[in-house]
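K.L.:
Mind folding the following:
(4 chains)
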Protein chains: 2
Amino acid sequence: MKTIELNAASEARERLVELGGRTAQDLGLGRIAGQLLAYLYFQPAECSLDQIEQDLGLSKAAVSTAARQLEAFGLIRQVWKRGDRRNYYRTADNLGVAMQQGLMALVRSKLEAAGAEMDEIRSLIDEARRAERDASDLAFLHDRLKRANTLRERLAALLNSRIVKYLVR
Amino acid sequence: MKTIELNAASEARERLVELGGRTAQDLGLGRIAGQLLAYLYFQPAECSLDQIEQDLGLSKAAVSTAARQLEAFGLIRQVWKRGDRRNYYRTADNLGVAMQQGLMALVRSKLEAAGAEMDEIRSLIDEARRAERDASDLAFLHDRLKRANTLRERLAALLNSRIVKYLVR
DNA sequence: TTGAGGTTTCATAAATTTGTGAAAGATGAA
DNA sequence: TTCATCTTTCACAAATTTATGAAACCTCAA
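P.N.:
Numbers count the residues shown, from 1 in each chain, chains lettered A, B, ... in the order given. Take a look at the predicted model:
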């Protein structure tokens, strides 16, 4: 009987780890980071690097790098054990919140960067328009840029809206 | 005077194309597709493949591939001109809507795929739990999986919410 | 039907990303 | 301080992605 339980649990863990890896890959977080996060999330106790390394079949280097990446994002945290030199890791207590906030912050910063660049380009165009009487091409560019910016602003507004904050909490 | 206008316009276009490329890269759409889309969006008339190829400094092959990719997503469309064998392209009429719907659909399908896989794993666990009396590890996995699924469901609900549909319209 | 003008496919080159082993760098017990 | 143990860094190998040129493949006017 014991074997059945162990097999189901470990098969489930393996598949969840793989799913985490794929998802993280999609999000541009890197496969290993995703696998590590899923691994820890579905592990009942904190784990040492070498245990992780062995279970996931990865090199120490890869695990170490991914761990520090996840830690920087606030998704996992270290656990110190007295009398033990190893680093143990577990998922952050507020994992759900951290994930969502992190993702939102990432999207928001990209939107902002794009917005800043668009503003720059717009002022370039406006300046040229003032210096030039018949600048219909510039007027066209100006109009298109304005439309694109509207899109961007709507998206930003959505991210900041109260309902998103509520739903995503 | 004419030169000032031309310079400003072409510098603006160049920067917008680059911005489009970077953004698309981030979204996993591919740099060239993004450049092409931005190029067409900021072009007042439809363009032929060889004109695009020349302006963007890319090979015919790359442009051709990206164009069909964008067309498949409904972001650009072909324009036929009688007595001209070339393919001309322009951005879709409803570009904003198409972009948003496409992005939403993409996210939604990923969420669904992940959800389906999680369901499978959950039933694997449930089955094992029925066969095993003291399955505390399985109970733990079950609980975690449930929590993860709640997150996923919230996100899906958000995507389907009326306010998102409104804001993103 | 032919062939000129245009597009797409495909093998491969180039660039980028990812993962590793080995060595250097920490850390803490004795 | 020293030693044993663990972690991190780094140069490089492997894999993946991206872009190209050339050839195959369309399409239409004559």
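
K.L.:
Spell out which residues sit in contact with A:Leu138, please.
P.N.:
A:Ile125, A:Ala128, A:Arg129, A:Glu132, B:Glu5, B:Ala8, B:Ala9 (C-beta atoms under 8 Å, 6 or more residues apart in numbering or on different chains). Backbone N, C-alpha and C define where each C-beta goes, glycine included.

K.L.:
pLDDT score assigned to the fifth one?
P.N.:
In other words, B:Glu5. For B:Glu5, the pLDDT comes out at 53.

K.L.:
repeat for the first one
P.N.:
Confidence at A:Ile125, expressed as pLDDT, is 95.

K.L.:
residues contacting it?
P.N.:
Per C-beta under 8 Å, 6+ apart, neighbours of A:Ile125: A:Leu138, A:Leu141, A:His142, A:Leu145, B:Ala8, B:Ala9, B:Ala12.

K.L.:
Just give the number of residues close to the nearest residue to A:Phe140 once chain neighbours are set aside.
P.N.:
Leaving aside its sequence neighbours, A:Phe140 sits nearest to B:Pro44 (C-beta to C-beta, 6 or more residues apart in numbering or on different chains; 5.2 Å). Residues lying near B:Pro44 (other C-beta atoms under 10 Å in any protein chain shown) number 11.

K.L.:
Which helix runs longest in chain A?
P.N.:
Secondary structure of chain A per DSSP state H: the longest helix is helix A:95-131.

K.L.:
Now for A:Gln54, how many residues are close by?
P.N.:
Using other C-beta under 10 Å: A:Gln54 sits among 12 other residues.

K.L.:
Restricting to C-alpha, output the helix or strand containing it in PDB.
P.N.:
Using DSSP states H and E, A:Gln54 sits within helix A:49-56. The C-alpha coordinates for helix A:49-56 follow below in PDB (Å, rounded to 0.1, in the frame of the first residue of the first chain):
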ATOM      1  CA  LEU A  49      20.100  22.900  -2.100                       C
ATOM      2  CA  ASP A  50      21.600  19.500  -2.500                       C
ATOM      3  CA  GLN A  51      18.300  17.800  -1.900                       C
ATOM      4  CA  ILE A  52      16.800  20.000  -4.500                       C
ATOM      5  CA  GLU A  53      19.700  19.500  -6.900                       C
ATOM      6  CA  GLN A  54      19.300  15.700  -6.500                       C
ATOM      7  CA  ASP A  55      15.500  15.600  -6.800                       C
ATOM      8  CA  LEU A  56      15.400  17.900  -9.800                       C
END
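
K.L.:
Could you tell me which residues within that helix count as buried?
P.N.:
For helix A:49-56, a neighbour-count test (16 or more other C-beta atoms under 10 Å in any protein chain shown) marks A:Gln51, A:Ile52, A:Glu53, A:Asp55, A:Leu56 as buried.

K.L.:
now stretch A:140-160
P.N.:
Buried-residue list, stretch A:140-160, by 16+ other C-beta under 10 Å: A:Leu141, A:His142, A:Arg144, A:Leu145, A:Ala148, A:Arg154, A:Leu155, A:Leu158, A:Leu159.
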